[in-house]
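>>> Whatever this is, show me its structure:
(chains A and B)
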There are 2 protein chains.
Amino acid sequence: VHPPTRLPIIMLTGRDARDDVVEALRRGANDYITKPLDMAVVIARLRTQLSLKSAVDQIVGLERDLERKNAELERANDDLRAAYRRMKSDLQAAARVQRSLLPSSPPPAPGLTFAWRYHPCQELAGDSLNVFTLDDEHIGCYLLDVTGHGVPAALLSVTITKLLMPVPDQPSLVRRREPSGRLAAVSPRVVAEELNARFQLDPETCRFFTLFYGLLNTRTREVRYVCAGQSGPVLARAGEVRNLNQPEIAIGVVPDPGYHERRLQLMPGDRLYVYSDGIDEARDARRTLFGEQRAMRVIRECRDQSLDASLDRLVHAAEQWAAAALDDDVSALALELLRD
Amino acid sequence: VHPPTRLPIIMLTGRDARDDVVEALRRGANDYITKPLDMAVVIARLRTQLSLKSAVDQIVGLERDLERKNAELERANDDLRAAYRRMKSDLQAAARVQRSLLPSSPPPAPGLTFAWRYHPCQELAGDSLNVFTLDDEHIGCYLLDVTGHGVPAALLSVTITKLLMPVPDQPSLVRRREPSGRLAAVSPRVVAEELNARFQLDPETCRFFTLFYGLLNTRTREVRYVCAGQSGPVLARAGEVRNLNQPEIAIGVVPDPGYHERRLQLMPGDRLYVYSDGIDEARDARRTLFGEQRAMRVIRECRDQSLDASLDRLVHAAEQWAAAALDDDVSALALELLRD
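Take a look at the predicted model:
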């Protein structure tokens, strides 16, 4: 059977050739014209068949183009997806490395609780935090935020995290060997200044970081800390919430920042919070900042909840405020001196 | 004009209605049948028009499906491409951070030349190397290779690179303050053991690294080095090329590796090479390794070329050997004591 859409066939027939006509049409002839020929009818029939044929050709051509384009797109898509998957799985493996550097459990300290949150906005974060035992009566803790986020920021934040990690039985940046041989906690000011010496801003990559570094004496309950380029800490005491912030320059920006070490005597029931600017710089649809005041209000409202629950509320409030998914890493660290 | 491929129209006409027929066909009628009706002809004509119509419908339907699929694919492609671009540019920014940690120029040392190559197989590398002045008479240099490659390996290699970087006027892992107040180079064995203490293999991420760490006394021309899990160093002396390798375990694998410090007195004309396994483990189409012997042969053949040119030849030979693009990072470090 001749396909009706390939070459159109018009039969010329005599008046009495009906059976032939029927058979020919059945076999795929497109049309017939009876003799004698009327040229007007012939031309009209030819025109009809030609327009039909060209419409069909056009559709078939279109279809072929689409099919080819489709195949190309699918190939491109496959390549892209493979490259994307490779990168994605690479980044996820890296995220596991980074996550493995977070504290697994708070250091044992009677009368004290610690809590933290860590939410990278991509696989890897420029934020980092830790809480660790330094010696018999000192716990160190910090929260840092490298400018930017993603892999470049993570390279720096992982480096600093590792550098700030106490090494078992060995001196390191956070713990020096005393003449007696004992390993003793290094003061926050010295830690900040050593970091500043090591991480002077590279003009090419232009990355620096903000840091809260605190040293808690578990016996006297005094906290000594340096807060470099970082807002806070925020103190919740007896129903009042205050930001103790006294601005100092971030780490790595100038060669001699002359950091000041602050001291805070904790009272029973006190809570101390630090969090990265992913929280107070969350913006709603009108680009209004979540801001320090709202963060402090949430902290005040949560005073009867557990420390852990209060961090959930704080992060949740910033997320709710934000118009879209948060576009910066969010991290928060808090400690509480329990009432006796 | 009625489009010929929508609803087919067949006219019934009298024998003498030719002008009407012509006009109707011109306006898009698909066919006509003259009275009196011959049912066989009517059925055949209907069948032809219906098969034509259904063929066209099928094509149009196909075309619509393809168009929809095409649009979907293009959207998916756009999304994927955007995600890919974000990751790619993130990785490229990170690669700039990593590259900024490479030595920019060799330390000034009369009678000595240094050369290095660094070719990550992806944006980021698990390999790293450096050459730096430690004190009046010591130059430190190292080459390290973290297991794997890409971002997870890079997180670790950047961390170690930063840790091994001398800090201006400050003690660090590679330079200790002596009782006199002077900053003095730390011995390679102590450097390797400190790294081993800090980078004990995390069972979750299972990453460790191989390291050559050398300390060159620019006055005595003696090199002290530790070669942990790393092949080499390869010494080219007076036309002979030898691998000085005495196997020791890589960094981070066991708690007390007890590394040995080796000593090598350089003679005028000596060249010393270390390179990552990206070179000797390059494989040809039959999976045969490029191997140590071929690498050493290239080094021997290049003895009359500059140190820098010999590294080009070495890397090029491994690349030529490899069936496809090298699938591991390639790095190499070499030094030469010039003839007087």
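>>> any idea how far chain B is from A:Val186?
Separation of A:Val186 from chain B (CB to the nearest CB, to the nearest Å): 12 Å. Just so you know, the C-beta spots here come from the backbone N, C-alpha and C atoms, and that holds for glycine as well.
>>> how many neighbours does that residue have?
20 (other CB atoms under 10 Å in any protein chain shown).
>>> Pull the contacting residues for it.
Counting by CB atoms under 8 Å, 6 or more residues apart in numbering or on different chains, A:Val186 touches A:Leu173, A:Val174, A:Arg175, A:Arg176, A:Glu194.
>>> and the longest helix for chain A?
The helix spanning the most residues in chain A, taking DSSP state H as the definition, is helix A:39-99.
>>> does it come close to chain B?
Yes. For helix A:39-99, a contact with chain B is found by CB under 8 Å from any CB of the partner chain, at A:40-41, A:43-45, A:47-48, A:51-52, A:55-56, A:59-60, A:62-63, A:66-67, A:69-70, A:73-74, A:76-77, A:80-81, A:83-84, A:87-88, A:90-91, A:93-94, A:96-98.
>>> picking up where we left off before, of all the contacts of A:Val186, which comes closest to A:Ser104?
A:Val174 (17.9 Å; CB to CB).
>>> quick one: that closest one and B:Leu195, what's the gap?
Taking CB to CB, to the nearest Å as the measure, A:Val174 falls 17 Å from B:Leu195.
>>> what about those two, which has more around it?
A:Val174 (26 against 23).
>>> if you go through chain A in chain order, where are the strands?
Using DSSP state E, the strands found in chain A span residues A:10-13, A:31-34, A:112-119, A:127-135, A:138-146, A:175-177, A:183-185, A:209-217, A:222-228, A:234-237, A:240-243, A:262-265, A:271-275, A:330-337.
>>> Export the ones you listed to TSV and append columns for mean pLDDT and distance to B:Glu137.
Formatted as TSV, the strands of chain A follow (pLDDT from 0 to 100; distance: least, CB to CB, whole Å):
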stretch	mean pLDDT	distance to B:Glu137
strand A:10-13	85	103
strand A:31-34	80	103
strand A:112-119	94	46
strand A:127-135	94	36
strand A:138-146	95	37
strand A:175-177	91	26
strand A:183-185	93	31
strand A:209-217	96	35
strand A:222-228	96	37
strand A:234-237	95	52
strand A:240-243	93	52
strand A:262-265	96	43
strand A:271-275	96	45
strand A:330-337	94	45
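>>> Those: which one's closest to B:Leu183?
It's strand A:175-177; of these, that one is closest to B:Leu183 (CB to CB) at 15.8 Å.
>>> mind listing the helices in the stretch 201-340 of chain A by residue range?
A:277-280, A:291-301, A:307-321 (DSSP state H, counting those that start in this stretch).
>>> so how far is the last one from its chain's centroid?
The offset between the C-alpha centroid of helix A:307-321 and the centroid of the whole chain comes to 18 Å, using CA atoms, centre = their mean, to the nearest Å.
>>> How about stretch A:159-166?
With CA atoms, centre = their mean as the basis, stretch A:159-166 stands 22 Å off its chain's centre.
>>> need the residues of the stretch 101-250 of chain A near chain B, please.
Applying CB under 8 Å from any CB, one finds that the stretch 101-250 of chain A approaches chain B through A:122, A:124, A:150-152, A:154-156, A:158-159, A:162-163, A:165, A:167-170, A:172, A:194, A:197-198, A:202, A:204-205, A:207.
>>> now, which of those lie within helices?
A:150-152, A:154-156, A:158-159, A:162-163, A:194, A:197-198.
>>> Most neighbours among the residues you listed, which one?
Ranking those using other CB under 10 Å puts A:Ala154 first, with 34 neighbours.
>>> Identify the residues contacting the closest residue to that one other than its chain neighbours.
Of all residues beyond its chain neighbours, the one nearest A:Ala154 is A:Leu124 (3.5 Å), with distances taken as CB to CB, 6 or more residues apart in numbering or on different chains. The neighbours of A:Leu124, taking CB under 8 Å, 6+ apart as the test, are A:Leu91, A:Ala94, A:Ala95, A:Gln98, A:His149, A:Gly150, A:Val151, A:Ala153, A:Ala154, B:Val151.
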